[in-house]
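Novice: Here is my input; please provide its structure:
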Amino acid sequence: MDEILLSCSNVSKSYGGVAAVRAVGLELRAGEILGLIGPNGAGKTTLVDVITGQQTADTGVIRIGTVSLTGPPSRRARLAGFARTFQHPQLALDMTVRENILIGAVPDRFSSPWRVLASAFSGAARPATPEIDDRITDLAAELNISALDRMCADLTLGEQRLVEVARALLRGPTVLLLDEPFAGGDPRGVEGMIHALTRIVERGCGVLVVDHNVDIVASLVDRLVLMDQGQVVFDGLPTAAMASQEMRTVYFGSGT
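Specialist: Got it, this is the predicted structure:
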């Protein structure tokens, strides 16, 4: 777990004079699950959007390996090898599980998930080679996704999140960013996501998990980063984070 896959240095982002992210630095290593937590408005989602290119940082440097990240999301994913999931799964509900995962194999010329989905409906995003079919089947087995021919509209929220993870993994990323993977999930969905994360890091992938469920995240990750008011206020082991004064202050309003 020595190789640094993702690094942020002095990253800041403001909106109309309001600092959403302030001089943030963090590192994610190969085979590591890093938890990013904090109350609403702490700057977590803004930081992820800046890393992935949905927003542009005002200052700072973001790298995956030795590659400095610039430009839109599609360029960043192509050059740097990362993928992300979203707080609300971006799936085509009237397509099958297999078809939604297959979208991950779409060429990088597509600049947004919506263009990808549009191309899928037109047939342009169906490179169903035997090799890709085999990869989809293997990913589904690895993540315990059953019934590849089911419609995504018939899946639970937890199952939909796993399909989105499988689609991201089809790209072969070195870094995976998960936005609220446990939100609204039932116990079976949470168990499925934990299993998926275990298998992902076995590949040597680095995973950044952003979620409000502090207890689940703390029990799962190798390291916790706590943000408050746009800043990193704690970065360390989960046990140390949960017992820290910073955690008590941020979540309970008490420094004692």
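
Novice: quick one: Leu82 and Leu169 touch, right?
Specialist: For the record, residue 82 is Phe, not Leu. No - the criterion here is Cβ atoms under 8 Å, and Phe82 misses it with Leu169 at 11.5 Å. (C-beta placed from N, C-alpha, C; glycine too.)

Novice: More neighbours: which of the two?
Specialist: Phe82 (27 against 22; other Cβ atoms under 10 Å).

Novice: Which residue, other than its chain neighbours, is closest to the more buried one?
Specialist: Spatial nearest neighbour of Phe82, chain neighbours left out: Val175 (4.0 Å); criterion: Cβ to Cβ, 6 or more residues apart in numbering.

Novice: Skipping adjacent residues, who's closest to Met151 in space?
Specialist: Leaving aside its sequence neighbours, Met151 sits nearest to Thr96 (Cβ to Cβ, 6+ apart; 6.0 Å).

Novice: can you list the weak-confidence ranges in the chain?
Specialist: The model of the chain has pLDDT under 70 over residues 1, 76-80, 106-128, 254-256.

Novice: returning to that earlier point: list the contacts of the residue nearest to Met151.
Specialist: Leu148, Asp149, Arg150, Met151, Cys152 (Cβ atoms under 8 Å, 6 or more residues apart in numbering).

Novice: Could you check the longest helix seen in the chain and say which residues are buried?
Specialist: The longest helix of the chain (DSSP state H) is helix 187-202. Across helix 187-202, burial judged by 16 or more other Cβ atoms under 10 Å covers Gly189, Val190, Gly192, Met193, Ala196, Leu197, Ile200, Val201.

Novice: which residues in this protein form strands?
Specialist: Taking DSSP state E as the test, the strands found in the chain are 4-15, 18-29, 33-37, 59-64, 67-68, 82-84, 175-179, 206-210, 223-228, 231-236.

Novice: For Gly158, find the nearest of those strands.
Specialist: Ranking these by proximity to Gly158 (Cβ to Cβ) places strand 175-179 first, at 13.0 Å.

Novice: got the angle for that closest one vs strand 18-29?
Specialist: Inter-element angle recorded for strand 175-179 and strand 18-29: 140 degrees (by axes from the mean of the first three to the mean of the last three Cα atoms, to 10 degrees).

Novice: so how far is Leu69 from Leu237?
Specialist: Distance from Leu237 to Leu69, counting by Cβ to Cβ, to the nearest Å: 27 Å.

Novice: And these two? Which one has more around it.
Specialist: Neighbour count, other Cβ under 10 Å: between Leu237 and Leu69, Leu69 has more, with 22 against 13.

Novice: so the more buried one makes contact with Thr56?
Specialist: No - if you go by Cβ under 8 Å, Leu69 and Thr56 don't touch, sitting 10.6 Å apart.

Novice: and the gap between the closest residue in space to Arg188 that isn't next to it in sequence and Val190?
Specialist: Nearest non-adjacent residue to Arg188, counting by Cβ to Cβ, 6+ apart: Gly158, 6.4 Å away. Counting by Cβ to Cβ, the gap from Gly158 to Val190 is 7 Å.

Novice: what about the helices in the stretch 1-150 of the chain?
Specialist: Here the stretch 1-150 of the chain has its helices, by DSSP state H, counting those that start in this stretch, at 44-52, 73-80, 97-102, 113-122, 130-142.
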